[in-house]
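Asker: When you get a sec, could you give me coordinates for this:
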Amino acid sequence: MPEADKQCPCCGSAKICIGRDTTERHDYQPAKIFIRPMVRPTYICRACEQQGEDIQASQAPLPPEPIPRGIAAPGLLAHVIVSKYWDHLP
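Answerer: Numbers count the residues shown, from 1 in each chain. Predicted coordinates for the structure are as follows:
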């Protein structure tokens with residue numbers, strides 16, 4: 001996440017990390033299928049929280065996916081397509 005997104009738009013103070021979201025994608029390398037985790041930390045502004053204002057939380061967006069809300073990574077999808085249509089495997 002860029003440093004500019006870690007600054008509170010309300011008061012300008014630095015936000016702190018309060019947690020992380022981990023997203024897992026099933027991926028493929030030749031002769032092996034594995035799970036690739038993507039960790040996205042969540043930041044909030046303590047100054048706004050202590051003053052009783054709305055919490056200013058931010059988190060990096062997920063990268064684009066070939067299948068929306070799917071768990072397959074591009075490498076696994078490419079392997080399945082090549083195996084099915086090029087190699088003629090079931």
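Asker: if we look at stretch 70-84, which residues are touching it?
Answerer: Here stretch 70-84 makes contact (CB atoms under 8 Å, 6 or more residues apart in numbering) with 24-29, 33, 36, 66-67, 89-90. All C-beta spots, glycine's among them, are computed from the backbone N, C-alpha and C.
Asker: again, only using 6 Å
Answerer: For stretch 70-84, contacts defined as CB atoms under 6 Å, 6 or more residues apart in numbering pick out 25-28, 36, 66, 89.
Asker: before we move on, what about stretch 48-55?
Answerer: So stretch 48-55 is contacted by 8, 10-11, 44, 56 (CB under 6 Å, 6+ apart).
Asker: One more: stretch 23-37?
Answerer: 22, 38, 71-73, 75-76, 79.
Asker: filter those residues to the buried ones?
Answerer: Buried subset of these (neighbour count, 16 or more other CB atoms under 10 Å): 72-73, 75-76, 79.
Asker: would TSV of those with distance to Y85 and pLDDT be doable?
Answerer: Formatted as TSV, the buried ones among the contacts of stretch 23-37 follow (distance: CB to CB, whole Å; pLDDT from 0 to 100):
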residue	distance to Y85	pLDDT
A72	16	91
A73	19	91
G75	16	90
L76	15	91
H79	12	90
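Asker: And the helix or strand harbouring A78, how far out from the chain middle?
Answerer: For A78, the host element (DSSP states H and E) is helix 74-81. Put simply, helix 74-81 sits 20 Å off its chain's centre (CA atoms, centre = their mean, to the nearest Å).
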